[in-house]
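>>> predicted coordinates and the sequence they were generated for:
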Amino acid sequence: MANILDTAVAAGTFTNLVAAVQAAGLADTLKGPGPFTVFAPNDEAHTHLPDGVLADLLKPENVETLKAVLLFHVVPGKVTADELTTMTYLHTAGGSQLAVDATDVVKVGGATVIHADIAADNGIIHVIDGVLSPPPAQTA
């Protein structure tokens, strides 16, 4: 079995996500010991973003915003699809709460889990049909 990042690369359907992880400097983190749960938008999910958003996020001057978006897709620990059905929210690696709704299908942050429980050495991947947007940063 491979780590989360190598598993995503091997799948071939997460090229935008992998590019974003690399641009944000988070590749070593997702190759690290974990465990992590990653809600991974596939390449199709990125087509629903407004034109230019992804390209703008990938610019070096936007690396902190990109990191915040990516860390909103990552939860420390390994959370299976069965466990998701009993939850109302998760705490993300970025420090925010991510809403979970399993009323009809499992949704996280409004995106539907379309393929669950892809195992990796250091965690688990759930494929989602949308890109999650973290809440705005709080200012003091």
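Happy to help now that I have it.
>>> the most centrally placed residue in the chain: what's it in contact with?
Centroid check for the chain by CA atoms, centre = their mean gives His73 as the closest residue, at 2.8 Å. Shown in contact with His73 (CB atoms under 8 Å, 6 or more residues apart in numbering): 38-41, 92, 132. From N, CA and C alone the C-beta is placed, and that goes for glycine too.
>>> hey, which helix or strand in this protein has the poorest pLDDT?
Each helix and strand of the chain was given a mean pLDDT (mean pLDDT, DSSP states H and E); the minimum falls on helix 53-57 at a mean of 90.
>>> can you list contacts of that helix?
Outside helix 53-57, the residues touching it (CB under 8 Å, 6+ apart) are 16, 20, 46, 62, 65-66, 69.
>>> can you flag the buried ones in the residues you listed?
Neighbour-count burial (16 or more other CB atoms under 10 Å) is assigned, among the contacts of helix 53-57, to 16, 20, 46, 62, 66, 69.
>>> show me where the protein has its helices.
Secondary structure of the chain, counting by DSSP state H: helices at 4-11, 15-23, 27-31, 43-46, 53-57, 63-71, 81-84.
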